[in-house]
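Novice: Got a sequence here, can you model it:
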Amino acid sequence: MTEAFRAETTIDRPVNEVWARLVDWDDAARWMSGVERLRAQGPTAVGTELIFTTRGKQRSSQIAALDPGRSITLRSTQGGVTADYAYECAPNGSSGTRVSLTADCEMTGPVRLLGPLIRSAIRKADGGQLDAFAATFPRT
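Specialist: Residues are numbered from 1 along each chain as shown. This next block holds a predicted model:
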C-alpha cells in the first residue's frame, strides 16, 4: 500500500471513551467526511461489513484488522482501488488519548496511473477527519 496521509490528534478523554465513540457506527456520519449514513452488518469484529452512503450512493467497507480498544483498520475496495484506513488509540498522559489515522491506498490495473491523483483526493477529502472526530467531544 502507498500512504495517502497520516493524521494525529489528542483528545482529553480516556482511551475507553474515545474507542467507544470511534466504533459507534451509528454516530460515525457526524465525523466521517462525505458519509451520510453508516451501519454495521454485525458486531465490531474482523470481517464485519460496514455499509455507508456517500454522495447518494451505497458503498461498503470491511473491518480488516482489529485490536479492541487499541486499533481498527477499515478496508474499502472499489474498481481497482483498495483503501485502508487504520485508526489507533493510545494513552497520552494521565487522562488523554492520542488518536492516529493512516490512510493507505493501492491501485491495480489501468487505474494505477491515477494513483497520485486518487491519493491526493483522499488526503483532501479525509485529511481533517480526526479533527472532526475530536470535535464530537465537548470541551471540559
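Novice: What lies in contact with the lowest-mean-pLDDT helix or strand in the chain?
Specialist: When the helices and strands of the chain are scored by mean pLDDT, DSSP states H and E, helix 115-126 comes last with a mean of 81. With contact meaning C-beta atoms under 8 Å, 6 or more residues apart in numbering, helix 115-126 is reached by 2-5, 32-34, 81, 83, 85, 101, 103, 105, 107, 111. To be clear about C-beta, it is placed using only N, CA and C from the backbone, and glycine gets the same treatment.
Novice: And for stretch 17-29?
Specialist: With contacts defined as C-beta under 8 Å, 6+ apart, stretch 17-29 is touched by 11, 35-40, 44, 50, 52, 68-70, 72, 87, 89, 97, 99, 133, 136-137.
Novice: if we can go back for a sec, top of the contacts of helix 115-126 by neighbour count?
Specialist: Per-residue neighbour counts (other C-beta atoms under 10 Å) across the contacts of helix 115-126 peak at residue 4, which has 24 neighbours.
Novice: Shouldn't it be within a helix?
Specialist: No: using DSSP: H, G, I helix; E, B strand; the rest coil, the assignment for residue 4 is strand, not a helix.
Novice: what pLDDT does it get?
Specialist: Per-residue pLDDT puts residue 4 at 85.
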